[in-house]
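Colleague: build me a structure from this.
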Amino acid sequence: MPSGARTAHTVEVTAESLQEDLDRLKTRKQALEREPAAVVAHVDSVQRALGALQVLMRGPADAGAGGQKKYGRLTERILDCFTTVGGAGVRARDVAAALGRDTGSGSVNAVRGTLGRLVGTSRIRRCGRGLYRAGRS
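Modeller: I've put the predicted structure just below:
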């Protein structure tokens, strides 16, 4: 085989090999792009299941009259606040202000901690970084 023909053949073989690599990489890229969404969905479902199990584990010992869960005063006030804001996302500082509490870091952190526990029990949900919304997700 003449030198020019060998070079053309080598280039053709290399191009075919690179095309096959490119096709494999595109397929792998698509699979990797789908994976984060699947992981996020799985994390959310595990968090909801864990929250439900934690409520069940507390059982009747924490139940008030009529089998209703008895919450602390701050928790009840926060839940009432979410019924008034509807589906809007709110920050812990806004909740503290709506409750007439000091908006200093100590008071806001107390509200933030309660919001975190309410998310854990699926009473409210996170709808963005530092944002909370009423209802179950």
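Colleague: what helix or strand is the residue nearest in space to the middle of the chain on?
Modeller: Centroid-nearest residue in the chain, with Cα atoms, centre = their mean: Asp44, separated by 5.7 Å. Using DSSP states H and E, Asp44 falls within helix 3-58.
Colleague: for the helix or strand just after that helix, which outside residues touch it?
Modeller: Sequence order places helix 73-85 as the next helix or strand after helix 3-58, per DSSP H and E. By Cβ atoms under 8 Å, 6 or more residues apart in numbering, the list of residues contacting helix 73-85 from outside reads 71, 90, 95, 98-99, 110-111, 114-115, 117-118, 123-124, 132-134. Quick note: C-beta positions are derived from backbone N, CA and C, even for glycine.
Colleague: run the last query once more with 6 Å
Modeller: Val95, Ala98, Leu99, Thr114, Ile124, Ala134 (Cβ atoms under 6 Å, 6 or more residues apart in numbering).
Colleague: in that helix, which residues are buried?
Modeller: Thr75, Arg77, Ile78, Cys81, Phe82 (16 or more other Cβ atoms under 10 Å).
Colleague: noted, bye for now.
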